[in-house]
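# make a model of this:
(2 chains)
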Amino acid sequence: MSNAETVRAPYDPAVLFKAAFLAAVAVFVLVPLLATLLGGFKSLGELRVNPFGLPRHWEWQNYADILFSGRYWQLLRNSLIISTLTVTLTLITASMAAFTFAHVKFYGSSMLLSYLTLGLLFPAATAVLPLFIKVRDLGLLDTYFGVALPQVAFSLAMSVLLLRRFFRDIPHELLEAALVDGCSYIKFFRYVTLPLSRPILATVGIITFVNSWNAYLLPLVMLNTDALYPWPLGIMVYQGEYSSEWHLILAFITLTILPTIILFLLAQKHIVAGLTAGAVKG
Amino acid sequence: MARRIAIVSAMGVADETVPQAAIRGPSWDGRFTVLILFLPPALLLFTLFVVLPIGEAAWYSGFNWNGFGRPTNWIGFDNYRFVLETRAFWLALRNNGLIIAVSLAVQLPLALTLALMLAERFRGAVALRMLFFMPYILAEIATGLIFSFVYDGDYGLVASIWRTFGAEPPHLLASTDTAILAVLIVIVWKYFGFHMMLFIAALQSLDKSLIEAARIDGATRSQALRHVVIPLLYPTIRLSMFFAIVGSLQLFDVVMPLTRGGPADSSNTMVSFLYNNGISRMRVGYGSAIGVILFVICVTFAFTYQRWFMRDE
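Numbers count the residues shown, from 1 in each chain, chains lettered A, B, ... in the order given. Okay, the predicted model is just below:
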């Protein structure tokens, strides 16, 4: 923007207002997060009289107890298994379908693609009861696959669209040349399309991972055994058991959101790209 | 998850076709192999776990059925009547309306203001963007639990503020008057960053020369904002409104850890109402009827909105 703005005096009321506004929003966002982190370092008694401030006594024990209990790690493990299954299956099935829609002309192609994209309109919650019955009839209730397969199905529409759009940018002439040279569609997909598409595969993979990692309703309906619970279910059970022992619950929350925050900091570029890709056309 | 729906229109699926070159493509055999290997997995999963259950919801909603054995007790549209006669359903519907209203009237203006402030590069802008986006990345469940601590009448932040003024702290989540208000604040906290990011992405892809031209022609900063920047953002604003409304209609995970829809159904959303009345008691017919009603509302809204507001994109 123009120079006049960058050299504006610091006491300019507009600048001050802007700074104050941003600071207020930052406080609004940060206070609950910091209170959670710090609350886990307090005793229950101190939490009651001092929910805001720094702990007078840092109770590392709260965190240690959770980290040394098998329970926390079991929840993370379950979440990791379900999310990894979901991401792997989504990437495989969506990239194959997207490749077909991008590069193979056949009768009914656009109809099938429209059919698949209808998935963007279907909220998972509306059909969750029949979904439960279907998963039960397939014998998948209370299994990791019982959660992962519906999650894959619900993430397909979005994933196929994003991948297809990217695959189409790989020149069709390249595929034709390869075919003339005796390469097959499948080899081209495997050795040209996929390696060239790493950025979009990462974006789709990470978005799918975050959605699956945070999911609550589907696991809630499909899993009955505590031992299989992913962390959002596990933390609700934990909160139920420790009802008002907030210091422990806060420590537990902190430890469960930590992986999310680390992933976010590592992959924020992909996450933001994925969320805004469909929404904003360049 | 719920917030992606509008992308159908945004990505312009229908208007593209495979390039002509593809039609002249080599042997049918090669393509045939790809077709029978590559498409079925996705189509099968999608049909089995997305499309069929929605059809089945419509079918099951005609039965009085607890989910065991086969449904035999056909009662026609009675389940729909039962749902519509339940006061709690209308409360849930009203709450979804409130959530939509707050999303549109508070959340989006806040997001837009912040985006306008943070789209420019200055020290700390990127860090603030990331900070404001952080709540969106957190799981709904974690968010709900964090705020049930914030609102806790004995240990929470709100309670301690009350106590410093010497008043008896309220139990916000336990009162039918305040529970839904408390939920609304959490929703703004959690989702404004998502909309801010949409706006920032749009602002960064704007054609800067239009704004510069307006400035050169003598428009003040706020005039350029009002008459150039905001109109250029209309497509994104419409999309953001769409996400906000569809997301609001499907809200569930945040409500569970905060109130479970209570007290006395005062903070239910349609999905938590569906969960509490259909799923947790396995009233399959009744629950499916709620699901179908929600489905009809969402789809009707989506199509109407796209037809009326997003046609030109």
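# can you list the weak-confidence ranges in chain A?
A:1-10, A:277-282 (pLDDT under 70).
# cutoff 50 now
Judged against pLDDT under 50, the low-scoring parts of chain A cover residues A:1-4, A:279-282.
# spatially nearest residue to B:I297, not counting backbone neighbours?
Among residues not flanking B:I297 along the chain, B:L249 sits closest, at 6.4 Å (Cβ to Cβ, 6 or more residues apart in numbering or on different chains). All C-beta spots, glycine's among them, are computed from the backbone N, C-alpha and C.
# which residues touch the residue of the stretch 101-250 of chain B found nearest chain A?
At 3.6 Å from chain A, B:A139 is the closest residue in the stretch 101-250 of chain B, using Cβ to the nearest Cβ. Taking Cβ atoms under 8 Å, 6 or more residues apart in numbering or on different chains, we find B:A139 in contact with A:W213, A:N214, A:Y216, A:P232, A:I257, A:T260, B:D253.
# quick check: the fourth one touching A:N214?
Yes. Counting by Cβ atoms under 8 Å, A:P232 does reach A:N214; the two are 6.5 Å apart.
# hmm, back to that, how many residues are close by the residue nearest to B:I297?
A total of 24 residues lie near B:L249 under the criterion other Cβ atoms under 10 Å in any protein chain shown.
# residue 38: what secondary structure?
No chain was given, so I picked chain A. helix (DSSP: H, G, I helix; E, B strand; the rest coil).
# show me what contacts it?
Counting by Cβ under 8 Å, 6+ apart, A:L38 has contacts A:G53, A:L54, A:P55.
# quick check, nearest of those to chain B?
A:G53 (9.9 Å).
# ok, now which ones touch that closest one?
A:L38.
# how about the secondary structure of it?
coil.
# tell me who's in contact with A:F209.
Contacts of A:F209 (Cβ under 8 Å, 6+ apart): A:S83, A:T84, A:T86, A:V87, A:L263.
# could you flag which of these are buried?
Buried members of the contacts of A:F209, scored by 16 or more other Cβ atoms under 10 Å in any protein chain shown, are A:S83, A:T86, A:V87, A:L263.
# residue 219: neighbour count?
Reading this off chain A. If we define neighbours as other Cβ under 10 Å, then A:P219 has 24 of them.
# I was after chain B.
The burial count for B:A219: 16, using other Cβ under 10 Å.
# that one falls within a helix, correct?
No. Assigned with three-state DSSP, B:A219 falls outside any helix and is coil.
# need phi/psi at the nearest residue to B:V106 once chain neighbours are set aside.
Using Cβ to Cβ, 6+ apart and skipping residues adjacent in sequence, the residue nearest B:V106 is B:V188, 5.7 Å away. B:V188 has phi and psi values of phi -60, psi -50 when expressed as degrees, to the nearest 10.
# and if you look at B:G67?
For B:G67, the backbone dihedrals (degrees, to the nearest 10) come out as phi 90, psi -10.
# what about the most centrally placed residue in chain B, which SS state?
Central residue of chain B (Cα atoms, centre = their mean): B:G247, 1.0 Å from the mean position. Counting by three-state DSSP, the backbone at B:G247 sits in helix.
# any idea how far it lies from A:N224?
29 Å (Cβ to Cβ, to the nearest Å).
# what about B:V106, neighbour count?
15.
# now the one 10 residues further on
Counted with other Cβ under 10 Å, residues neighbouring B:L116 total 18.
# what residues are up against it?
B:F199, B:L203, B:L225, B:V229.
# which among those end up buried?
B:F199, B:L203, B:V229.
# could you check how far B:K190 is from B:L131?
Distance, B:K190 to B:L131, by Cβ to Cβ: 14 Å.
# err, B:A88, not the other one
Counting by Cβ to Cβ, the gap from B:A88 to B:L131 is 38 Å.
# ok, the residue nearest to the centre of chain B touching B:I187?
No. Using Cβ under 8 Å, B:G247 makes no contact with B:I187, being 9.1 Å away.
# shared neighbours of these two, anything?
What both B:G247 and B:I187 touch, as defined by Cβ under 8 Å, 6+ apart, is the set B:S103.
# from the buried ones among the contacts of A:F209, which two are the most distant?
Pairwise distances across the buried ones among the contacts of A:F209 (Cβ to Cβ) peak at 14.8 Å, for the pair A:T86 and A:L263.
# find the centremost residue of chain A, please.
A:V210 (1.1 Å).
# that residue sits in which helix or strand?
Applying DSSP states H and E as the criterion places A:V210 in helix A:198-214.
# secondary structure element holding the closest residue to B:T259 other than its chain neighbours?
The shortest distance from B:T259 to any residue other than its chain neighbours is 4.4 Å, reached at B:S267 (Cβ to Cβ, 6+ apart). Using DSSP H and E, B:S267 is not contained in any helix or strand.
# what score does B:S267 have for pLDDT?
With respect to pLDDT, B:S267 scores 95.
# quick one: residues contacting A:P230.
Counted by Cβ under 8 Å, 6+ apart, A:P230 has contacts A:L75, A:N78, A:S79, A:I82, A:S83, A:V147, A:W213, A:A215, A:P219, A:L223.
# oh, that last question was meant for A:L275, not what I typed.
A:L275 neighbours (Cβ under 8 Å, 6+ apart): A:I207, B:F194, B:M197, B:L198.
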